[in-house]
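Peer 1: sequence isn't available, so here's the structure alone:
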């Protein structure tokens, strides 16, 4: 049983409310930070912890915080990114719904560290009921003196608000989020300037994911060094993994980084194996944007080593034979799922969610969706497969924000590892006409023969 | 005339005839605008549009958007461009209960297509259509962040996960019996896991 830092009190009755949360050690980090530490000391602990952004990019949080510009007389903002929209990811919703006060506490401690006196939690509009839960928690925090003027008599002031979005994946990108928070369309901004210099209302701003902010609580309570003891190498601490797809026990699991992937999928402590006694065909380990892996590369790297749940191990082999930890949106596919149809599903998503600013993404995602749909319907040509690779290459790296890359990678990876299945769709249009064709005739990945000199 | 010279759609009171939000909604809108620094009240536009949609039969007509613009002292175009960007704002009339079925990968692997088919047959509508009595609209949407409870649908503020045919039946029955509009802003939501 691994250590838990965020979901420690998940099963305590009434933990959603202030009384139970406080009785179980809640808000200690605020007391410690505000009364015993300078803001810089809090930043230092976060740096020592090795905490990396939990939203997907994995950028060191302490470093991001230290980039924050601090010009005299200009307000600074902390904005929490609760726009969780990456397909396969639902950990932040779980955390906010179950233990809302850990996010509020993390926001207060982090705002203090950054010198912000007004902070916002931007939550996706679909999570309206979660926003209600957060607003209740905020009201309780105000009522108990953790928010507002002169918190704990230290002279530190903080106001915290929740803003709901309007339904747009792109607002998870931090500059699009800021645009949306300003009441505009969610069009990502050109960087530089980075939000650390010119973010919300042109002021220095830090944008952090829900889980990242929550992790600041145990880091301040127990010290950055203690946090860094968990995990392996540069993957420190615990991570919430959203497990879904064809597994026995879908759900949110807090793992110590470093758990073997095989254990995560097959042990009863986590996913409990593949549902209905089927075989695993593929896995997307970090949300829809990261490369899909065929069964033989999920639990072992190409070099034959055990694959671990860490940033480094999941990306071992680069895009040739690896993937990414990303947001921790872990989707498992069984032998009956059609990879072409799934790739079309993802492409439709990115086409739908492209903001339309950059033509490679706006047009390219549409082309990919249509070509994939054609293949999936049995109306494709052999040349379509390379056409997809070509379009994906032309989107990647040519857009303002990473949505373009996120749309291109799943397509490129699916063709890299499952080319024979795409070819099968071209060669046997009669067999794949039925949308559920995968259920009749499983097409398993083909492991390439090792190249010998 | 003044409005025309500014190059904006005129605030023509006659087109807004009959649009008047409730006192409670107006208070909420005012409070929302105060959450932001002075002069930055435009920030409240997204939450305000949710309130407006709930007040205006579930959709944002040009007249409702003009009304919002006036309330928030914005140009109408600032409201239109935002309302048309985000997927949760309906720019056309919808049924009282919009059944938004998630269609993205995790839900798809666990039968989202069957859910859409089942609801469609049961209500005799296709995706995007509204029942003749104006009670239900069937919609497919992208990932709603409930992949662990796939397949799922959202209706107003409510999340309904691990859908089965029996569960869909009872849900529809309940909505029919309640007979009222479901909004994202509802306070009395009943989620099912």
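Peer 2: Okay, I see it. Here the structure is a predicted model, which is why all the values come from computation and not from measurement.
Peer 1: would you confirm that residue B:35 contacts residue B:42?
Peer 2: No. Using C-beta atoms under 8 Å, residue B:35 is not in contact with residue B:42; the gap is 11.8 Å. Heads up, the C-betas are built off the backbone N, CA and C, glycines and all.
Peer 1: which element, helix or strand, includes residue A:40?
Peer 2: Here residue A:40, judged by DSSP states H and E, is contained in helix A:39-49.
Peer 1: show me where chain B has strands.
Peer 2: Under the criterion DSSP state E, chain B contains strands at B:97-102, B:136-141, B:153-155, B:158-160.
Peer 1: and the residue of the stretch 201-350 of chain A nearest chain B?
Peer 2: Closest residue of the stretch 201-350 of chain A to chain B, C-beta to the nearest C-beta: residue A:244 (3.6 Å).
Peer 1: how close does that residue sit to residue A:125?
Peer 2: 21 Å (C-beta to C-beta, to the nearest Å).
Peer 1: what mean pLDDT does the longest helix belonging to chain B get?
Peer 2: In chain B, taking DSSP state H as the definition, the longest helix is helix B:165-178. Mean pLDDT, helix B:165-178: 98.
Peer 1: nearest to chain A: which residue in chain B?
Peer 2: residue B:86 (2.9 Å).
Peer 1: of residue A:244 and residue A:125, who's got more company?
Peer 2: residue A:244 (28 against 24; other C-beta atoms under 10 Å in any protein chain shown).
Peer 1: pretty sure the more buried one is touching residue B:152, no?
Peer 2: No. In this structure, residue A:244 is not within contact of residue B:152 by C-beta under 8 Å, at 10.7 Å.
Peer 1: tell me how many other residues crowd the spatially closest residue to residue A:438 that is not a sequence neighbour.
Peer 2: Computed as C-beta to C-beta, 6 or more residues apart in numbering or on different chains, the closest residue to residue A:438 that is not its neighbour in sequence is residue A:338, at 3.8 Å. When neighbours are counted by other C-beta under 10 Å, residue A:338 registers 25.
Peer 1: which phi and psi does the closest residue to residue B:42 other than its chain neighbours have?
Peer 2: In this structure, residue B:42 finds its nearest non-sequential neighbour in residue A:183, 3.9 Å apart by C-beta to C-beta, 6+ apart. Backbone torsions for residue A:183, taken as degrees, to the nearest 10, come to phi 90, psi 30.
Peer 1: need the per-residue pLDDT for residue A:183.
Peer 2: 98.
Peer 1: now do the contacts for it.
Peer 2: B:42-46, B:78, B:82 (C-beta atoms under 8 Å, 6 or more residues apart in numbering or on different chains).
Peer 1: of those residues, buried ones?
Peer 2: The neighbour count (16 or more other C-beta atoms under 10 Å in any protein chain shown) marks B:42-46, B:78, B:82 as buried among the contacts of residue A:183.
Peer 1: could you dump the strands of chain B into a markdown table with distance to residue A:383, mean pLDDT and mean neighbour count added?
Peer 2: Shown next, in a markdown table, are those (distance: least, C-beta to C-beta, whole Å; pLDDT from 0 to 100; neighbours: other C-beta atoms under 10 Å in any protein chain shown):
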| stretch | distance to residue A:383 | mean pLDDT | mean neighbour count |
| --- | --- | --- | --- |
| strand B:97-102 | 33 | 98 | 26 |
| strand B:136-141 | 31 | 98 | 22 |
| strand B:153-155 | 39 | 98 | 26 |
| strand B:158-160 | 43 | 98 | 22 |
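Peer 1: show me where chain B dips below the pLDDT cut-off.
Peer 2: Applying pLDDT under 70 to chain B flags residues B:1-17.
Peer 1: domain-wise, how is it divided?
Peer 2: Using automatic domain parsing, the domain parsing of chain B gives B:2-83, B:97-178.
Peer 1: just the closest residue of the stretch 351-453 of chain A to chain B, please.
Peer 2: For the stretch 351-453 of chain A, C-beta to the nearest C-beta, closest residue to chain B: residue A:352, 5.6 Å.
Peer 1: so that residue touches residue B:142, yeah?
Peer 2: Yes. Using C-beta under 8 Å, residue A:352 is in contact with residue B:142, at 5.6 Å.
Peer 1: so these two - more neighbours on which side?
Peer 2: Per other C-beta under 10 Å, whichever of residue A:352 and residue B:142 has more neighbours is residue B:142, with 22 against 17.
Peer 1: quick check: the more buried one vs residue A:86, distance?
Peer 2: Distance, residue B:142 to residue A:86, by C-beta to C-beta: 11 Å.
Peer 1: okay, and the common contacts of the two?
Peer 2: Shared contacts of residue B:142 and residue A:86, defined by C-beta under 8 Å, 6+ apart, are found at residue A:169.
Peer 1: now residue A:130, nearest residue through space, not along the chain?
Peer 2: Excluding the flanking residues, the one nearest residue A:130 by C-beta to C-beta, 6+ apart is residue A:96, at 5.1 Å.
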